[in-house]
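*Asks:* Provided below for reference: sequence and predicted model.
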Amino acid sequence: MSRGRQGPAHEIWIIRLQDRMRSRRVQILVALVLTALWGAGIYATHAHGHLRFLDRLEATLTDWRTQARGVRRPPDLVTIVAIDDTVVKRGGTYPLPRADLARVVDTIVQFKPKVVAIDLLLVDRSAAIGDATLANTLATGPMVLAAAAIFPSDSETVTPGSEDGPLAVLPQAERFLQPLPAFTDHAEVGVVNVATGQSGSPLSVPMLFRTRDKVELSFPLRVAARALDEPLTVAPDHLRLGDRVVPTDSHFALPITYYGPRRTIRTVSAQSIFDGTLDRAAIENRIVVIGASVAGGGDFFPTPFDSLMPGVEVISTAITHLVAGDGILRDRRVRIADALTAILLPMLLVGLLAWRRSALGIMAAGAVMMAWAGLNLFAFTHGVWLNAATTLAAAVPPVAIFAGVQLWAGSRRTQYFAAKSRSLAQFQAPAVLEWLARDPNFLSKPVRQDAAVVFIDLSGFTGLSERIDPSELRDLLKAFHALIDKTAADCGGTITGFLGDGAMILFGLPRAMSDDATRALKCAIDLHRGTERWIASLPPAIAGQLGFKIGAHCGEIVASRLGESHQHITATGDTVNVASRLMEVAAQNGARLALSDTLLDAADFQGAPDGVLSGPLLAQVRGRSGVVTVWFWRDRNGPGQAATKAEMIG
């Protein structure tokens, strides 16, 4: 048979397959484009100040990453002089009287610090002598005082304008609360506000603030510039202290990462000054920050390591970052990386799910997510703050939707193929179906092998079909086929085809087994008994007209597929011909079951107490030279002892 040209059905199948593949590629492309647009939209929307819930999520994820990183030893540059509960108990009042504050500052100045930063709002007048004493003390050393920015709302910012340059993005305050003029005559001033975000935990400290007509430096930036004695330069996306670049987040905010719980930065109580026990080494040539840590004072913030960290230690953390250059990086380059990740990671995940529509695809996508999480944590612990919340918001919804659609489509496909499989199971044996599922090319090339073959055929069926109703005839034939199907399946045989009122059953597919002959013999005997009982159960008018004959043989066969657009599996060869002709031998000798001597030897048949085996008979098989040794089997207790007239006629 020539295989140079396929049939029309095959060509139609190829065209449909190509159409489905093109359609699926288009669907995947659309899914990838929509995923990219979703990721870009999420990032852009959040970058413009919307989706504020992501800030809370990012704060939580930042706390986890900070805790995973663990406590770090800070550079030993800053000493906090804390006005704590011990000091308040000594003096009996809070805020600390200006005269007492002047004493604290005076003692610190005598120990030669680099700079003294007072994280207290000295905006109200007190006793004249106290204010005068403090003003005189502030003139004795390098001082930075705290101011505060007053905002109309937490989220208000300036609309960027080209005339403002890079400062247009600064948060715009209504006004600044400045220290008393008597104090600012002898000290520099910096704004002490921090950015707490949705979680209440300070994640960054703004470096610059503005009102309508004025720009102020932050308190930490002013202290760092004074301590380093370097000029400050404002660039479009960063600050510069002398030759040192200070990378900042959007709006010139300095991201901060905490070293540990409270008092991780060196802290001494101001009470040691009143007691005369202050260690000179804790002050000399260091940055000294004076601030309150009084319980109930209100200046506390939740942080990853401490639910109540004094604000002065938050400020000191920012100062340390600026001076030591050990802060966490979140600048324009990191934000670009975040934007690319928000677009590319969801596309990669969707692509993996589309590439492998199975557990392997889910495992691959899960591995990529774990790798991203590990990389994000690794970057954070090594000083690079990659956004996690925005990436999750960009990745999870499209991946979940695509996976859900995939599962739904997979379920539909499973139902479709299950229905097709059930339909195909009506025409092929389960073992063959399973084998075809594992190897679609099964028997695409003919195979020679040993097998056993059983044929069964009804006698008198043609004459009966002329006398009874077609629907009744169909029911009769359906019951007979069901009997053959069950018996063959119970014995592990494969029905290669129903031949009208008969069938061919093959033992040796999908592969030859050592007990093929044994199972074929059992099948032949079970068919004999089952068919006898079935005929006996029919109405006498029908039962008297029907008989059956069975032939069984074993030997070499050729198993193959036949057909082009509609293929079926069959066996050919001398063994098949002999098994078929043995039915005639049975009918000619008044028997119903004829077995070849070859089959009995291969099955090692020793006889059965409820059956009678007669023979041997050297029979001439039609269409074949030579003789075959044949045995006849009948059921000792069966309803019929001999062949009917219909069987004798054949």
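*Replies:* Done, it's in.

*Asks:* what about Thr137, how many residues nearby?
*Replies:* 24 (other C-beta atoms under 10 Å). For every residue, glycine as well, the C-beta is placed using N, CA and C.

*Asks:* what's the local residue count around the residue nearest to Met309 when sequence neighbours are not counted?
*Replies:* Leaving aside its sequence neighbours, Met309 sits nearest to Thr303 (C-beta to C-beta, 6 or more residues apart in numbering; 4.6 Å). Neighbourhood size, Thr303 [other C-beta under 10 Å]: 24.

*Asks:* which SS state does Thr303 fall under?
*Replies:* Look at Thr303: counting by DSSP: H, G, I helix; E, B strand; the rest coil, its state is coil.

*Asks:* now do it against Ala59, distance only.
*Replies:* Here Thr303 is placed at a distance of 11 Å from Ala59 (C-beta to C-beta, to the nearest Å).

*Asks:* shared neighbours, these two?
*Replies:* Each of Ser201 lies in contact with both Thr303 and Ala59 under the rule C-beta atoms under 8 Å, 6 or more residues apart in numbering.

*Asks:* if we can go back for a sec, contacting residues around the residue nearest to Met309?
*Replies:* 201-202, 258, 261, 309, 314.

*Asks:* hey, what's the closest residue to Thr572 other than its chain neighbours bridged with?
*Replies:* Closest residue to Thr572 apart from its sequence neighbours, by C-beta to C-beta, 6+ apart: Val558 at 5.1 Å. For Val558, the beta-bridge partners under DSSP bridges are Arg448, Thr572.

*Asks:* ok, so what distance separates Val558 from Gly573?
*Replies:* Taken as C-beta to C-beta, the span from Val558 to Gly573 is 5 Å.

*Asks:* for Arg52, same thing?
*Replies:* Taking C-beta to C-beta as the measure, Arg52 falls 80 Å from Gly573.

*Asks:* who has more neighbours out of these two?
*Replies:* The neighbour count for Arg52 versus Gly573, taken as other C-beta under 10 Å, is higher for Gly573 (15 against 11).

*Asks:* so who does that one touch?
*Replies:* Neighbouring residues of Gly573 by C-beta under 8 Å, 6+ apart: 555-558.

*Asks:* can you select the buried ones from the residues you listed in PyMOL?
*Replies:* Buried residues among the contacts of Gly573 (16 or more other C-beta atoms under 10 Å), as a PyMOL selection:
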select buried, resi 555+557+558
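
*Asks:* kindly reformat the contacts of Gly573 as JSON lines containing pLDDT and distance to Gly530.
*Replies:* What follows is the contacts of Gly573, written out as JSON lines (pLDDT from 0 to 100; distance: C-beta to C-beta, whole Å):
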{"residue": "Gly555", "pLDDT": "92", "distance to Gly530": "26"}
{"residue": "Glu556", "pLDDT": "91", "distance to Gly530": "29"}
{"residue": "Ile557", "pLDDT": "90", "distance to Gly530": "25"}
{"residue": "Val558", "pLDDT": "89", "distance to Gly530": "30"}
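
*Asks:* of all the contacts of Gly573, which comes closest to Leu386?
*Replies:* If you rank the contacts of Gly573 by distance to Leu386 using C-beta to C-beta, Val558 comes first, at 66.2 Å.

*Asks:* against Ala452, how distant is that closest one?
*Replies:* 15 Å.

*Asks:* let me know the pLDDT of Leu61.
*Replies:* At Leu61, the model reports a pLDDT of 93.

*Asks:* so what does the helix or strand hosting Cys523 touch, helix or strand wise?
*Replies:* Assigned by DSSP states H and E, Cys523 belongs to helix 516-537. Contacts defined by 3 or more C-beta pairs under 8 Å, 6 or more residues apart in numbering; DSSP states H and E place helix 516-537 against strand 447-459, helix 470-491, strand 502-507, helix 540-543, strand 547-562, strand 593-596, helix 597-603, strand 627-635.

*Asks:* grab the most central residue of this structure for me.
*Replies:* The centroid of the chain falls nearest to Gly366 when counting by C-alpha atoms, centre = their mean (3.7 Å).

*Asks:* residue contacts, that one?
*Replies:* Contacts of Gly366 by C-beta under 8 Å, 6+ apart: none found.

*Asks:* that one is in what secondary structure piece?
*Replies:* According to DSSP H and E, Gly366 maps onto helix 359-381.

*Asks:* then Ile336?
*Replies:* helix 332-355.

*Asks:* mind listing the strands for the stretch 1-150 of the chain?
*Replies:* With strands called from DSSP state E, counting those that start in this stretch, the stretch 1-150 of the chain shows them at 78-83, 115-121, 143-150.

*Asks:* mind putting the ones you listed into CSV with distance to Ala235?
*Replies:* Shown next, in CSV, are the strands of the stretch 1-150 of the chain (distance: least, C-beta to C-beta, whole Å):
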stretch, distance to Ala235
strand 78-83, 26
strand 115-121, 24
strand 143-150, 22
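
*Asks:* redo those as a markdown table? Include mean pLDDT, mean neighbour count and distance to Arg65.
*Replies:* Below are those laid out as a markdown table (pLDDT from 0 to 100; neighbours: other C-beta atoms under 10 Å; distance: least, C-beta to C-beta, whole Å):
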| stretch | mean pLDDT | mean neighbour count | distance to Arg65 |
| --- | --- | --- | --- |
| strand 78-83 | 95 | 26 | 24 |
| strand 115-121 | 95 | 25 | 28 |
| strand 143-150 | 93 | 22 | 29 |
